[in-house]
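K.L.:
3D, please:
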Amino acid sequence: MVEVNSSYYALPSSSNAELWAERTPPDFNFNIMTAVLLSPETNESAAAPMTCLRIIHDHEPNRFAASS
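P.N.:
Model (predicted):
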């Protein structure tokens, strides 16, 4: 088992995730940390792909509103 912390700061590329899957045995476990984007305690969007930001904005328009 391995814990992947880098996923908190940026989503892994699909090619990187595919390589992980190809290079590990079937019974190997990846423990993926929740992306900062999905954490309920955050309003940061720097690591989010634009597609995700659009979806979130459609459902929560004030999620990433600038703080004063």
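
K.L.:
tally of neighbours for Ile55?
P.N.:
Neighbour count of Ile55, defined by other CB atoms under 10 Å: 12. For glycine as for every other residue, the C-beta is placed from the backbone atoms N, C-alpha and C.

K.L.:
residues in contact with it?
P.N.:
For Ile55, no contacting residues are found, by CB atoms under 8 Å, 6 or more residues apart in numbering.

K.L.:
Thr34 belongs to a helix?
P.N.:
No: counting by DSSP: H, G, I helix; E, B strand; the rest coil, Thr34 is located in no helix; its state is coil.

K.L.:
now it: how far from Pro25?
P.N.:
25 Å (CB to CB, to the nearest Å).

K.L.:
Compare these two (neighbour count), which wins?
P.N.:
Thr34 (10 against 5).

K.L.:
residues touching that one, list them.
P.N.:
Thr34 touches Ser7, Tyr8, counting by CB under 8 Å, 6+ apart.

K.L.:
Look up how far Glu3 lies from it.
P.N.:
Per CB to CB, Thr34 is found 12 Å from Glu3.

K.L.:
pLDDT-wise, which helix or strand of this protein ranks last?
P.N.:
helix 50-59 (a mean of 74; mean pLDDT, DSSP states H and E).

K.L.:
Check which residues of that one are buried.
P.N.:
For helix 50-59, burial by neighbour count (16 or more other CB atoms under 10 Å) applies to Ile56.
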